[in-house]
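# just the structure for this:
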Amino acid sequence: MPDVISLCDQLFPQGHDVALHGELVRGTGLSGDGPVAVVGTAGHAAIGVDLAFALAAEVLNVVAHYPGRPILMLVDTQGQKLARRDELLGNGGYLAHLAKCFQLARVQGHRLLSLVYGEAVSGGFLSLGMIADRTYAMKTAQIRVMALPAMSRITQIPLEDLERLCQTSAIFGPGVENYARLGAVDAVWDSADGELASQLKRALAQPAGPDARARQGMERGGRTHADRVIAAVMADG
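Numbers count the residues shown, from 1 in each chain. Next up, the predicted model:
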């Protein structure tokens, strides 16, 4: 897994001022088509109320001062922070506020891309990553909703059975490739090929368009019914 500054060196060979402030990542990178706002996390950050609020402030700052500038989320999070203080303060509400700030940016004309370069887990990934127009992941990244041993404890399904299910169903399986099959990850990037800047430029050139994740999940064999169900519900409504 590359550290976030080295990653930005590869994504923005024309230059960037991305810096690490504790677990918060922020700055601007220069792509072939102009500046890109960068906001994200590092160090497998657990997103609690303070970090969620700081991330939201960065997004609102871009909306207020840099109209239309694309926003790249760099994702490395173990999920929401499981601490008494954060739960008592309503951490779920702070994560929802962060997601709403990204949605505000979207309706104001900002392209939203996310790149999972470290870890992406559960609620932290939903509000910082899955909220993007398109989500990408490094080949070395780790993505999951819940680790299989924990899933086994919660569901009371033997771990061996879950491991067998993972071999045939992407829905149960953690990992970048499974999330790509589900359509949740648009494409997998590999820093070894030296093409990260080109891949980012191509991603920025893609139209925002409608959410294509359900269709991609069907085409890739990871979610075989979601697209049809969505179409049927929309047609009936």
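# mind jotting down where the helices sit in the protein?
Ranges of helices in the chain, per DSSP state H, are 4-11, 49-65, 84-88, 91-107, 122-127, 148-155, 159-168, 176-181, 196-205, 213-219, 226-236.
# and those helices as a markdown table, adding mean pLDDT?
Formatted as a markdown table, the helices of the chain follow (pLDDT from 0 to 100):
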| stretch | mean pLDDT |
| --- | --- |
| helix 4-11 | 95 |
| helix 49-65 | 98 |
| helix 84-88 | 95 |
| helix 91-107 | 96 |
| helix 122-127 | 88 |
| helix 148-155 | 87 |
| helix 159-168 | 86 |
| helix 176-181 | 90 |
| helix 196-205 | 94 |
| helix 213-219 | 88 |
| helix 226-236 | 87 |
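# to residue 22, which of these lies closest?
helix 49-65 (8.1 Å; C-beta to C-beta). (C-beta placed from N, C-alpha, C; glycine too.)
# and the residue nearest the centre of the chain, backbone torsions?
Of all residues in the chain, the one closest to the mean position by C-alpha atoms, centre = their mean is residue 129, 1.9 Å from it. Backbone dihedrals for residue 129, given as degrees, to the nearest 10, come out at phi 150, psi -70.
# check it and give its pLDDT.
With respect to pLDDT, residue 129 scores 91.
# so it is in contact with residue 116, correct?
Yes: between residue 129 and residue 116 a contact is recorded at 6.2 Å, counting by C-beta atoms under 8 Å.
# can you list residues touching both of these two?
Residues touching both residue 129 and residue 116 (C-beta atoms under 8 Å, 6 or more residues apart in numbering): 75, 135.
# re the thing from before, residue 141 versus the residue nearest to the centre of the chain, what's the distance?
10 Å (C-beta to C-beta, to the nearest Å).
# need the residues touching each of these two.
Common neighbours of residue 129 and residue 141, using C-beta under 8 Å, 6+ apart, are 116, 120.
# OK, contacts around the residue nearest to residue 187 when sequence neighbours are not counted?
With sequence-adjacent residues excluded and distances taken as C-beta to C-beta, 6 or more residues apart in numbering, residue 187 is closest to residue 136, at 5.6 Å. Residues counted as contacts of residue 136 (C-beta under 8 Å, 6+ apart) are 113-116, 185-189, 199, 203.
# need the pLDDT of residue 136.
On the pLDDT scale, residue 136 is placed at 96.
# in the sheet, which residues pair with it? Tell me.
Residues in a beta bridge with residue 136, per DSSP bridges, are residue 115, residue 187.
# quick check: phi and psi on the residue nearest to residue 70 when sequence neighbours are not counted?
Once flanking residues are discounted, residue 70 sits nearest to residue 111: 4.1 Å by C-beta to C-beta, 6+ apart. Phi and psi for residue 111, reported as degrees, to the nearest 10, are phi -70, psi 140.
# what is the burial count for residue 111?
A count of nearby residues for residue 111, using other C-beta atoms under 10 Å, gives 21.
# wait, it sits on residue 200?
No: between residue 111 and residue 200 no contact is recorded; they are 11.4 Å apart, counting by C-beta under 8 Å.
# circling back: give me every residue that touches the residue nearest to the centre of the chain.
So residue 129 contacts 73, 75, 77, 114, 116, 120, 135 (C-beta under 8 Å, 6+ apart).
# same check, this time on residue 25
Going by C-beta under 8 Å, 6+ apart, residue 25 touches 4, 18-19, 38-42, 74.
# distance check, it against residue 182.
From residue 25 to residue 182 the distance is 26 Å (C-beta to C-beta).
# test for you: state the pLDDT assigned to the closest residue to residue 74 other than its chain neighbours.
Closest residue to residue 74 apart from its sequence neighbours, by C-beta to C-beta, 6+ apart: residue 40 at 3.2 Å. Residue 40 is assigned a predicted lDDT (pLDDT) of 97.
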